[in-house]
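[1] I'll drop the sequence and a predicted model, then ask my questions.
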Amino acid sequence: MPISALTGSRLRERRVALGLRQADLAETVGISASYLNLIEHNRRRIGDALLARLAQALGQPVEAFQEGIAAAVLDDLRAAAGRLPGAEIDRSEDFAGRFPGWAATVIGLHQRVAGLERALEAMSDRMSQDPHLSASLHEVLSAVASVRSTAAILAETQDIEPEWQARFLGNLQDDSKRLALGAEALVRYLDTAGQAEEQGLASPQEELEAWLASTDWQGADTRGLVSAAARHMADQWRAQAARDLAAYPAAGFAAVVAESGSDPVAVAARFGGDVLAAFRRIALQPGLQAGLVVCDASGTLTFRKPLAGFGLPRFGAACPLWPLFAALSRPMTPIEMVVETAGPVPARFRVRAFCQPRFPQGSRGPELREAAMLILPEQGRAGEALPIGSTCRICQRHACAARREPSILQG
Amino acid sequence: MRQVLLVEDEANIAEALRFILSRDGWAVSVLADGARALAEVARLRPDLVILDSMLPGMSGLEILTALRADPDHAGLPILMLTAKGQLRDREAAERAGVSAFMSKPFDNSEIRALVRDLLGA
């Protein structure tokens, strides 16, 4: 039986139900917590042997994670059909039943295309936004350009004067040294990022977020972090989490959150605490299905806790229609609304956003703003919802009035 | 003799280009500082400008844009050197009115042919 696209979700559900930490389960089956996190979010395919080990550790037969394959296949087929017009979506079940092999092929191709689109976006953004990589590549390319042109002159110019020949030979030697240094710098850079790269991580922030996700957003042992920058950020995060916990003690917290309907502003009022700290405390409760994004005054996302179905950009600017950015322009004014994501299978979420200004250098210093948006699943499809996306480059709302640049996805 | 102004801050690339273009009979002036490019164009009145895209002081794109904004240089042939893969740079330069591109690393015979073409020789 083929492994379902939702096997990861089922593994996660079972682990959470057993009260197992991601890190503990990962250790039991001999993989990294970050890798398990990617599997649980259906971002990595899982092999039969590893699935067998996970099933054993979770105390259920392998089939338990593969059952309901028909429903998953239908969902995947509809998503694939939504990519291009023309497919008879209402006959998906008939198609999957009569031609299961072809259905699997269509789904596989769709998932492969989606994966390649994500990789393309990540690579493109990384190339354009990583100044170190860009500068290193430019250095190597310049040296290569010089070597190629100079070598061609020496090889092709029969009557070259001795002084020019000596000069070009000197240039070649200089450039070859420069090329070696540039290549070494590139290898060092890529090698340092190697472990993170294997997990699809491209920045310290992303590494930090993957680590937090692997600890169910509790941020325990920092030894799993690869880069020094991510470890530094993790230390800062832990200090902040300790302050948040002191302001909003665990005793009775969950009850107050439930009573408020997960409203951070109401929770802050009850405890007399900082509103943004209440956003973090609510969103980072163990096992809670909630997403959180935080940005600074420039709109740069400084923290991302994903929630299934709500796409968060890995790089670059997010959708400008997010209520997060509306809050940024209206400090101290809570915003609550229902939003609907783009894509073949739109999903609805209730989001709450709030912006808090700070004056760390007093009244004569600059005003710093930080905004947070809590994302919660919304049941039902009744009523108005604000149409939003993830980021323009991968958003399929081609006619959006807020579009900054064309999408790389077909409509 | 037709005049070529080469604005390139990589000394060894500039030297190689100056050598091959000079042997083709062009008078080649080399400038490494982007900030001085506009003044040098005004002083030298070259028949062709070869611009690197990444320059200190003023980028190749900024120089190109400024030259195209000046009616005196609207028809001046401008060849831009860009690193391979810098698609966005190329698109921006096309919009700004560049005459031709050459990717680095370049082939000597190709750039010589392109220069001959741009100079109408």
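    Sure, I can see it.
[2] Okay, domains of chain A per the record?
    A:7-126, A:131-196, A:286-411 (automatic domain parsing).
[3] So which of these is nearest chain B?
    Nearest of those to chain B, taken as CB to the nearest CB: domain A:131-196 at 3.9 Å. (Each C-beta comes from the backbone N, C-alpha and C, glycine too.)
[4] what mean pLDDT does the closest one have?
    In this model, domain A:131-196 carries a mean pLDDT of 81.
[5] Now tabulate the domains of chain A in JSON lines and tack on distance to residue B:82.
    Shown next, in JSON lines, are those (distance: least, CB to CB, whole Å):
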{"stretch": "domain A:7-126", "distance to residue B:82": "17"}
{"stretch": "domain A:131-196", "distance to residue B:82": "10"}
{"stretch": "domain A:286-411", "distance to residue B:82": "20"}
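[6] The helix or strand bottoming out on mean pLDDT in chain B vs chain A: in contact?
    Taking mean pLDDT, DSSP states H and E as the measure, chain B has helix B:87-96 as its least confident helix or strand, at a mean of 82. Yes. Using CB under 8 Å from any CB of the partner chain, helix B:87-96 reaches chain A at residue B:88.
[7] What sits closest to residue A:367 if chain neighbours are left out?
    Leaving aside its sequence neighbours, residue A:367 sits nearest to residue A:357 (CB to CB, 6 or more residues apart in numbering or on different chains; 5.2 Å).
[8] Next up, the contacts around that neighbour.
    Neighbour list for residue A:357: A:331-332, A:367-369 [criterion: CB atoms under 8 Å, 6 or more residues apart in numbering or on different chains].
[9] Can you spell out which residues form a bridge with it?
    Each beta-bridge partner of residue A:357 is listed here: residue A:369, as defined by DSSP bridges.
[10] What does the pLDDT read for it?
    Residue A:357 is assigned 95 on the pLDDT scale.
[11] same thing with residue A:123?
    On pLDDT, residue A:123 comes in at 65.
[12] Show me which residues of chain A are close to chain B?
    By CB under 8 Å from any CB, the residues of chain A that approach chain B are A:127-128, A:137-138, A:141-142, A:144-150, A:152-153, A:156-157, A:164, A:167-168, A:171, A:174-175.
[13] Weed out the non-buried ones from those.
    A:137-138, A:141-142, A:144-150, A:152-153, A:157, A:167-168, A:171, A:174-175 (16 or more other CB atoms under 10 Å in any protein chain shown).
[14] The residues of chain A next to chain B in helices, which ones?
    Judged by DSSP state H, helices contain the following of the residues of chain A next to chain B: A:127-128, A:137-138, A:141-142, A:144-150, A:152-153, A:156, A:164, A:167-168, A:171, A:174-175.
[15] any residues touching the least confident helix or strand of chain B, and which ones?
    With contact meaning CB under 8 Å, 6+ apart, helix B:87-96 is reached by A:128, B:53, B:60-61, B:64-65, B:68, B:80, B:82, B:101.
[16] follow-up on the earlier one: looking at the domains of chain A, which is closest to residue A:211?
    domain A:7-126 (6.9 Å; CB to CB).
[17] Run a quick check on residue A:154 versus residue A:172, I expect a contact.
    Yes. Between residue A:154 and residue A:172 there is a contact under CB atoms under 8 Å: 7.5 Å.
[18] Would you list the phi and psi of residue A:349?
    Phi and psi for residue A:349, reported as degrees, to the nearest 10, are phi -140, psi 150.
[19] Quickly note the distance from it to residue A:377.
    Residue A:349 is 6 Å from residue A:377, where distance means CB to CB, to the nearest Å.
[20] Now stretch B:21-32: buried residues?
    For stretch B:21-32, a neighbour-count test (16+ other CB under 10 Å) marks B:21, B:26, B:28, B:30-32 as buried.
[21] And that stretch, end to end?
    End-to-end distance for stretch B:21-32, by CA to CA, to the nearest Å: 17 Å.
[22] how near is residue A:228 to residue A:171?
    In terms of CB to CB, residue A:228 sits 38 Å off from residue A:171.
[23] Would you map the strands across the stretch 301-411 of chain A?
    Counting by DSSP state E, counting those that start in this stretch, the stretch 301-411 of chain A has strands at residues A:301-305, A:335-340, A:348-358, A:368-377, A:386-387.
[24] Among the ones you listed, show the one with the smallest mean pLDDT.
    For these, the weakest mean pLDDT is recorded on strand A:301-305, namely a mean of 90.
[25] Just the CA trace of that strand, in PDB.
    Presented in PDB, the C-alpha positions along strand A:301-305 are these (Å, rounded to 0.1, in the frame of the first residue of the first chain):
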ATOM      1  CA  LEU A 301       8.900  38.600   9.900                       C
ATOM      2  CA  THR A 302      11.000  38.000  13.000                       C
ATOM      3  CA  PHE A 303       9.200  34.900  14.200                       C
ATOM      4  CA  ARG A 304       7.100  32.300  12.500                       C
ATOM      5  CA  LYS A 305       5.200  29.400  14.100                       C
END
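[26] Sheet partners, orientation included, of it?
    With DSSP bridges as the test, strand A:301-305 pairs up with strand A:291-296 (antiparallel).
[27] returning to what we had before: the contacts of residue A:357, buried ones only, as a ChimeraX selection?
    In ChimeraX, selecting the buried portion of the contacts of residue A:357, with burial taken from 16+ other CB under 10 Å, looks like this:
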select /A:369
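[28] Excluding chain neighbours, what is closest to residue A:168?
    Nearest non-adjacent residue to residue A:168, counting by CB to CB, 6+ apart: residue A:150, 5.1 Å away.
[29] can you check residue A:328 too?
    In space, and not counting its chain neighbours, residue A:328 is closest to residue A:371: 4.6 Å by CB to CB, 6+ apart.
[30] Touching, the one you found and residue A:353? I think so.
    Yes. Between residue A:371 and residue A:353 a contact is recorded at 6.3 Å, counting by CB under 8 Å.
[31] So those two - more neighbours on which side?
    residue A:371 (29 against 26; other CB atoms under 10 Å in any protein chain shown).
[32] residue nearest the centroid of chain B?
    Nearest to the mean C-alpha position of chain B, counting by CA atoms, centre = their mean, stands residue B:50 at 1.1 Å.
[33] can you redo the contacts of residue A:357 as JSON lines with distance to residue B:10?
    Formatted as JSON lines, those follow (distance: CB to CB, whole Å):
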{"residue": "A:331", "distance to residue B:10": "49"}
{"residue": "A:332", "distance to residue B:10": "53"}
{"residue": "A:367", "distance to residue B:10": "44"}
{"residue": "A:368", "distance to residue B:10": "41"}
{"residue": "A:369", "distance to residue B:10": "43"}
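[34] List the buried residues in the least confident helix or strand of chain B.
    By 16+ other CB under 10 Å, the buried positions in helix B:87-96 come out as B:89-90, B:92-93, B:96.
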